[in-house]
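**Student:** Sequence plus predicted model, see below.
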There are 2 protein chains.
Amino acid sequence: MRVLSSELSGHINAEVHLEGWLHKKRLLGGLTFINLRDRKGIVQAVIKDKLEVDKLKGLQIGTILSVDGTVVSEQRAPGGVELHDVKLEVMVPVSDEPPIEIDKPLSHKPENLDTLFEHRSLGLRNLNEGKVFMVRSALLKLIREFLYSRDFMEIQTPKLVANAAEGGAEVFKLDYFGKSASLAQSPQLYKQVMVGVFERVFEIGPAFRAEPSATTRHVSEVTMLDIEMAFINSHEEVMDLIQDLLYTVLEKVWKEHGDDLTQLKAPEPVLKPKFPRYPMKQIHSMYQEATGTDMSTEIDLTPDEERWICDYAKEHDGCEAVFATELPRAKMKFYHMAKNEEVAQSADLLFRGLELATVPVREHRYDILIEQMKEAGIDPDDESFRFYLQAFKHGLPAHGGCGFGIDRLVEKTLGLGNIKEAILFPRDINRLSP
Amino acid sequence: MRVLSSELSGHINAEVHLEGWLHKKRLLGGLTFINLRDRKGIVQAVIKDKLEVDKLKGLQIGTILSVDGTVVSEQRAPGGVELHDVKLEVMVPVSDEPPIEIDKPLSHKPENLDTLFEHRSLGLRNLNEGKVFMVRSALLKLIREFLYSRDFMEIQTPKLVANAAEGGAEVFKLDYFGKSASLAQSPQLYKQVMVGVFERVFEIGPAFRAEPSATTRHVSEVTMLDIEMAFINSHEEVMDLIQDLLYTVLEKVWKEHGDDLTQLKAPEPVLKPKFPRYPMKQIHSMYQEATGTDMSTEIDLTPDEERWICDYAKEHDGCEAVFATELPRAKMKFYHMAKNEEVAQSADLLFRGLELATVPVREHRYDILIEQMKEAGIDPDDESFRFYLQAFKHGLPAHGGCGFGIDRLVEKTLGLGNIKEAILFPRDINRLSP
């Protein structure tokens, strides 16, 4: 019966059977020390018997071993235990040296990222590299648990669509049995329609953007959490939901995976249950006052302002997540609700200097929606909007929601520096494989 | 404070505030009865006051109302309660009649499916139609819970790939910044590589097949559960995992959603914890003995045989899920493990006459894998396989897994008859919208 490395402290002085990868091998004082890796971590085994040592001759890191031995307390060893009286069996021999170091920390410097991704299937065997994706998996689990607790249900909407919701140039096109199809940039239209049935829906899935620029915050395939909730009374309710989600999920991930996060040098969250909210205009003037630079003519916050307001809120409000509210109407999508001539009922959720989500109220009134489509240059009679408009014509309640970038959340939770490091196999303008 | 229809029995004789859709309206004995729908179901309200009745004048099904009234026990009403002394407020007026009946059962006859999908955003407001997707959401939740309990972690692999794993004609191609890309048919190569890091991984996501045929079991965009587990000792271990998953999930979904399933006329599962296992050759001869038809030259089970063996196992083994084992090597993919010259270490999981998953052991030995790629006409030096083969070269343990069709599972759990009915917005050769 296989025992995992994390379970060994419960087997002191007992004989156990382990299986895993040869992670490290060294000679010390006439003894051979090996580290064996399994999905829970590593364990050190001390091999004295020459017959056993010989079994490793010519074998490289990555070799898969079955190891029988006695568990001994040893404070200097990883996990506080060590295996003695070891018997080895080679399950899968590896005779080539790995092309990258697996035991040492990998470089995440911008100039080394390509190497990181080229050898992704091996690099992740580095304990800390793998942990990034364990934390990612944990975050997704916690997000779903939070949403179930708020009575949301999960949907899957199509990624092959006739027209992309947002339109624009950043759409991947393909031939679909002789018709022209697009890859969905977001489940926007589908999830809105579904609140007419289920009121509260979410989806976690891929979204595709033919993003022609190479930045630290953009890739062409992202994982999005899409949320939509109906029967809201105000914009506040939507912001509160997203705020509660981020607060709860980060609190729990630190509770349940604090050790991993500490080892990854993830910055501990500085959050209040209620995130500060600043109108965008005010942010512009606060930023101008602080830096002397006038950004008030920008329709968006600049990346510098996003970083600045998060730093400011961390210092003054004790919270590094902040809502930039009252976004200008010029930035508004046709399906957002206006507050007045100038301002939309929409806010950006910023966390640690990065926009995680735009959190708007949707326009649910059929006639006004049609007007806004026309203003945006979209033909409401276009066949591909029929199912969408039908839902409004026959009664959609007031609703709001957001698209929340999972990759960005992982990056910012861990402090990675580049969204691509939060993705197993990132895709950008230069990278379609592995 | 809004109360939901499902909570009313806890508020007998109290005044409550509800919000929802006008679902039905009728006059009876001088009174107006309305059904109000919310995400939990419907409630009947009796309106006597002419002032209140007048508010509904000219308004159609779908109108969104806020309803204040007193909860009264009424056995004849849905849910055993009724609202009296009602005050209405129109939140969103609807003046057009819906193009389809929303209160009556919708036709799922093959010839009516197109109408069903054309009006999907309204048709789902029919209580039973919506329940299909509540059950789907519940199944996904239970699947994840099962896999977490077995120490699996969740991954996301790219859907934009350089080469499709399986190749063949049924691949959607697109232009990717001047390069040729494919839409992933499955996460096959990526998930295999990841067992070298995490040992046990799963993914639930879309998979794309340019399926040129219109059948009841094929669509061009499916939701797949992909599972991969390492350090297995035998093929049995992989089959046991998938068997335990299906058994546990179906048992729990009936426990937690029995009422919904009964209302949807879902057939109650006939399952044993251990599914019967029949070698494919034996199924051919059993089928021949029973029907007189010889199918032994087919490399696959025919759809008739799949139905027959499930019926047979239901009757003789008390279990309508069955493994067809020892699949012929001719059907084997390059990444499967052979048992001998004739047979692969692979099995099909059949449930209620349909294949839900193929459950193979993978070939994890580098040299043999290379041989099998060449036999399959695949060039191992192709750049897009480099990351894949690298993981094997540097040690992948024995592993197996499956791709498990979520849409098929939903269809068979509910007894729907067509995979498309289990998908919110199905995609096939004729359908790219809504």
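**Tutor:** Okay, I see it. Residues are numbered from 1 along each chain as shown, chains lettered A, B, ... in the order given.
**Student:** what about the closest residue to chain B within the stretch 1-150 of chain A, neighbour count?
**Tutor:** At 3.4 Å from chain B, residue A:62 is the closest residue in the stretch 1-150 of chain A, using C-beta to the nearest C-beta. Any C-beta I mention is one placed from the backbone N, CA and C, and that applies to glycine too. As a burial measure, residue A:62 scores 26 neighbours (other C-beta atoms under 10 Å in any protein chain shown).
**Student:** Are we agreed that it is in a helix?
**Tutor:** No - applying DSSP: H, G, I helix; E, B strand; the rest coil, one finds residue A:62 to be coil, outside a helix.
**Student:** Can you give me every residue that contacts it?
**Tutor:** By C-beta atoms under 8 Å, 6 or more residues apart in numbering or on different chains, the contact list for residue A:62 reads A:21-22, A:94, A:98, A:102, A:122, A:125, B:394-395.
**Student:** How about residue A:288?
**Tutor:** Taking C-beta under 8 Å, 6+ apart as the test, what residue A:288 contacts is A:294-296.
**Student:** So it, which state does it fall into?
**Tutor:** Applying three-state DSSP: residue A:288 is helix.
**Student:** Of the contacts of residue A:288 - the most surrounded one?
**Tutor:** Using other C-beta under 10 Å as the neighbour test, the contacts of residue A:288 are led by residue A:295, with 18 neighbours.
**Student:** quick one: what helix or strand has that one in it?
**Tutor:** If you go by DSSP states H and E, residue A:295 is not part of any helix or strand.
**Student:** pretty sure it contacts residue A:287?
**Tutor:** Yes - counting by C-beta atoms under 8 Å, residue A:295 touches residue A:287, with 6.2 Å between them.
**Student:** Can you work out which residues contact both of the two?
**Tutor:** Shared contacts of residue A:295 and residue A:287, defined by C-beta under 8 Å, 6+ apart, are found at A:304-305.
**Student:** need the helix or strand of chain A with the lowest average pLDDT.
**Tutor:** Among the helical and strand segments of chain A, the one scoring lowest on mean pLDDT, DSSP states H and E is helix A:113-118, with a mean of 88.
**Student:** just checking, next helix/strand downstream of that helix?
**Tutor:** Past helix A:113-118, the next helix or strand by DSSP H and E is helix A:120-123.
**Student:** Now do that following helix, average pLDDT.
**Tutor:** What helix A:120-123 shows for mean pLDDT is 94.
**Student:** tell me how far it is from the chain's mean position?
**Tutor:** The chain centroid and the centroid of helix A:120-123 are separated by 19 Å under C-alpha atoms, centre = their mean, to the nearest Å.
**Student:** contact partners of it?
**Tutor:** A:62, A:98-100, A:102, A:106, A:116, A:129, A:424-425, A:434, B:193-194, B:196-197, B:387-388, B:390-391, B:394.
**Student:** Apply 7 Å and report the result again.
**Tutor:** Contact with helix A:120-123 is made by A:98, A:100, A:102, A:106, A:116, A:129, A:424-425, A:434, B:193, B:196, B:387, B:390-391, B:394, as judged by C-beta atoms under 7 Å, 6 or more residues apart in numbering or on different chains.
**Student:** Now that helix: buried residues?
**Tutor:** Using 16 or more other C-beta atoms under 10 Å in any protein chain shown as the test for burial, helix A:120-123 gives A:120-123.
**Student:** Narrow the contacts of helix A:120-123 to those in helices?
**Tutor:** In helices, defined here by DSSP state H, the members of these are A:116, A:129, B:193, B:196, B:387, B:390-391.
**Student:** Most widely separated two among those residues?
**Tutor:** The two members of the ones in helices among the contacts of helix A:120-123 with the most space between them (C-beta to C-beta) are A:116 and B:196, at 16.1 Å.
**Student:** quick one: strands adjacent to the host helix or strand of residue A:349?
**Tutor:** Using DSSP H and E, the element containing residue A:349 is strand A:346-351. Take DSSP bridges as the rule and strand A:346-351 pairs in its sheet with strand A:321-325 (antiparallel), strand A:354-360 (antiparallel).
**Student:** what are the C-alpha coordinates of it, in CSV please?
**Tutor:** This file holds the C-alpha atoms of strand A:346-351, laid out as CSV (Å, rounded to 0.1, in the frame of the first residue of the first chain):
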residue,chain,number,x,y,z
SER,A,346,-20.3,50.5,-13.7
ALA,A,347,-17.2,50.1,-11.6
ASP,A,348,-13.8,48.5,-12.0
LEU,A,349,-12.5,46.2,-9.3
LEU,A,350,-8.8,46.8,-8.9
PHE,A,351,-6.6,44.6,-6.8
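**Student:** Can you give the contact residues for that strand?
**Tutor:** Contacts of strand A:346-351 (C-beta under 7 Å, 6+ apart): A:239, A:242, A:246, A:306, A:309-310, A:320-325, A:327, A:332, A:336, A:355-360, A:412.
**Student:** What's the mean pLDDT across that strand?
**Tutor:** pLDDT averaged over strand A:346-351 gives 97.
**Student:** cool, and stretch A:417-424?
**Tutor:** Rounded mean pLDDT across stretch A:417-424 is 93.
**Student:** Could you list the buried residues of it?
**Tutor:** For stretch A:417-424, burial by neighbour count (16+ other C-beta under 10 Å) applies to A:418-424.
**Student:** how about the nearest residue to residue A:33, chain neighbours excluded?
**Tutor:** Once flanking residues are discounted, residue A:33 sits nearest to residue A:26: 5.3 Å by C-beta to C-beta, 6 or more residues apart in numbering or on different chains.
**Student:** does the one you found count as helix, strand or coil?
**Tutor:** Applying three-state DSSP: residue A:26 is strand.
**Student:** pLDDT wise, what is the residue of the stretch 1-150 of chain A closest to chain B at?
**Tutor:** So, for residue A:62, pLDDT stands at 97.
**Student:** before we move on, back to that, now render the strands paired with strand A:346-351 as TSV, adding mean neighbour count and mean pLDDT.
**Tutor:** Shown next, in TSV, are the strands paired with strand A:346-351 (neighbours: other C-beta atoms under 10 Å in any protein chain shown; pLDDT from 0 to 100):
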stretch	mean neighbour count	mean pLDDT
strand A:321-325	24	98
strand A:354-360	22	96
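**Student:** Quick one: closest of those to residue A:264.
**Tutor:** Ranking the strands paired with strand A:346-351 by their distance to residue A:264 (criterion: C-beta to C-beta) puts strand A:354-360 first, at 17.9 Å.
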